[in-house]
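>>> have a look at this fold, sequence not included:
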Ligand SMILES: NC(=O)C1=CN([C@@H]2O[C@H](COP(=O)(O)OP(=O)(O)OC[C@H]3O[C@@H](n4cnc5c(N)ncnc54)[C@H](O)[C@@H]3O)[C@@H](O)[C@H]2O)C=CC1
Ligand SMILES: N[C@@H](CC=O)C(=O)O
Ligand code: NA
């Protein structure tokens, strides 16, 4: 051990790494460790050496040394010469069991697995704390964008009020393609899969489960509370149509799948968390409207820091591997210097606000009968539920009359009841679209 590497006495001569999963992200992680070996050694203070790579199918040629491959991840993580485990398999099992075991055995773990973390961070963080090792997951939220570490460390002295943005690359790619080039939904989704953005089961992307998992992780860190995926209100983009995008454009808006985590202070001073994911209209002038393709952006509002914006590639093998490798270097340095990163912080234990109480704005599109008094009747239903109307557009749509109403802010529950009442009106033949509207002060 040379002194100029600044190593702690008794620090490992080499740091052994086990890579679990060799898909979009794992392949890029292995490439970076291999190509950047010399720089990584200098940055860490000891060489990083891949001990093994766990794959599901040993038969496939993967362009890496065959002797590194194994289909037995449970044995790989138990090897005495493995110090850090990188989990880029995805899904709940076997990653949950593998990560917990690795932590219990004193290995630090780096994972990109938001689905797992959104359910089991508590269990895994406890195992890491007990064994005095690191559990890092920057890649799990917004791919390459540093957002987990800024929230957990840089903003640890501030009070975060809101974390909101676009955190799913696949849906943003689809919505951008539909809005910008007129691509159809299915083609854009297939392309997002081909480019390595989509989850193994893209239902997780398009139905908002992936964004909800990320919202749970962000809200937990931002508000020092334990928030799981089940706490996050979720709607996906599968019902957003080309007509919605065209109609949004007429209001100088576009549609984005947003993840919103807010600290809500109620009239009696009680603080709660609202965590929600849904497609929403945002004005074209809003900074999030220009976030296109697989790019993500997260806007953080903190009491003293004010507004911060984080932007970059939210999906894709290499960008995600960059975030993984940042964590690997941090975990490796901690091994060299006998340090450890921050522990999970859930002391505030804020409760979750039900979606019905959360103030928001609605965009409602409906087909109505073309006869006098219909507009008054529709407006009357909004008024009955104390929902004020901000804009109305009426237009012919292939022989039918289409009415679009945009509301002012009102509790989500009142808006949902208004829509239910509209559906029961004889003059309303169909409510064709209900979206929220964000990014405005009204
Ligand atoms: N692709 C992306 O843009 C991003 C992915 N992530 C996360 O990173 C993780 C990996 O994602 P991808 O690389 O895109 O997925 P992928 O599906 O391309 O790769 C996963 C690999 O793990 C392998 N695998 C499955 N079960 C295994 C087992 N029991 N043992 C060993 N290998 C096994 C699969 O055969 C596959 O090659 C997931 O948790 C994903 O949510 C996070 C951020 C961005
Ligand atoms: N499927 C995810 C991958 C990154 O987290 C996405 O599209 O954002
Ligand atoms: Na990130």
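Sure, I can see it. Predicted, not measured: the structure shown is a model, and the values here were computed from it. Residues are numbered from 1 along each chain as shown. Ligands and ions are numbered 1, 2, ... in the order given.

>>> residue 78 contacts residue 107, doesn't it?
No: Residue 78 is not in contact with residue 107 according to C-beta atoms under 8 Å; the separation is 9.1 Å. C-beta coordinates here come from the backbone N, C-alpha and C atoms, glycine included.

>>> okay, now residue 416: neighbour count?
Residue 416 has 15 neighbouring residues, counting by other C-beta atoms under 10 Å.

>>> helices of this structure, start to end?
24-35, 37-44, 73-78, 95-104, 114-131, 148-149, 169-181, 185-194, 203-206, 209-222, 242-250, 317-337, 374-384, 412-423 (DSSP state H).

>>> contact partners of the shortest one?
The contact list for helix 148-149 (C-beta atoms under 8 Å, 6 or more residues apart in numbering) reads 137, 138, 140, 141, 217, 221, 326.

>>> which one of those is nearest ligand 1?
residue 140 (6.0 Å; C-beta to the nearest ligand atom).

>>> that closest one - nearest residue in space that isn't next to it in sequence?
residue 114 (4.0 Å; C-beta to C-beta, 6 or more residues apart in numbering).

>>> contacts only, for that neighbour.
Residue 114 makes contacts with 137, 140, 141, 210, 213, 214, 217, as judged by C-beta under 8 Å, 6+ apart.

>>> now with 7 Å, please.
140, 141, 210, 213, 214, 217 (C-beta atoms under 7 Å, 6 or more residues apart in numbering).

>>> and for residue 318?
Counting by C-beta under 7 Å, 6+ apart, the residues that residue 318 touches are residue 28.

>>> for the contacts of helix 148-149, pick the one with the most neighbours.
residue 141 (30 neighbours).

>>> do you know how far residue 252 is from residue 392?
For residue 252, the distance to residue 392 equals 16 Å [C-beta to C-beta, to the nearest Å].

>>> cool, residue 306 as well?
In terms of C-beta to C-beta, residue 306 sits 36 Å off from residue 392.

>>> these two: which has the busier surroundings?
residue 392 (13 against 9).

>>> for the more buried one, which residues are in contact?
403, 404, 405.

>>> return the residues of the stretch 201-350 of the chain in contact with ligand 1.
Counting by C-beta under 6 Å from any ligand atom, the stretch 201-350 of the chain comes close to ligand 1 at 315, 316, 320.

>>> between those residues, which is nearest ligand 2?
Nearest to ligand 2 among those, with distances taken as C-beta to the nearest ligand atom, is residue 315, at 3.9 Å.

>>> close to ligand 1, is stretch 41-53?
No: judged by C-beta under 6 Å from any ligand atom, stretch 41-53 makes no contact with ligand 1; its nearest approach is 8.6 Å.

>>> so what's the closest residue to ligand 1 within the chain up against?
Per C-beta to the nearest ligand atom, residue 23 is where the chain lies closest to ligand 1, at 1.8 Å. Taking C-beta under 7 Å, 6+ apart as the criterion, residue 23 is in contact with residue 88.

>>> hmm, 10 Å instead?
55, 56, 88, 89, 90, 196, 200, 317 (C-beta atoms under 10 Å, 6 or more residues apart in numbering).

>>> quick check: residue 217 touching residue 140?
Yes: between residue 217 and residue 140 there is a contact under C-beta atoms under 10 Å: 6.1 Å.

>>> what sits in contact with each of these two?
With C-beta under 10 Å, 6+ apart, residue 217 and residue 140 have common neighbours 114, 117, 118, 121, 147, 148.

>>> could you identify which of these has the most neighbours?
residue 147 (30 neighbours).

>>> burial of residue 70, as a residue count?
Using other C-beta under 10 Å: residue 70 sits among 17 other residues.

>>> the one 3 residues further on too?
The tally of other residues near residue 73 (other C-beta under 10 Å) stands at 26.

>>> surely it touches residue 88?
No: contact criterion C-beta under 10 Å: residue 73 and residue 88 do not qualify, at 11.4 Å.
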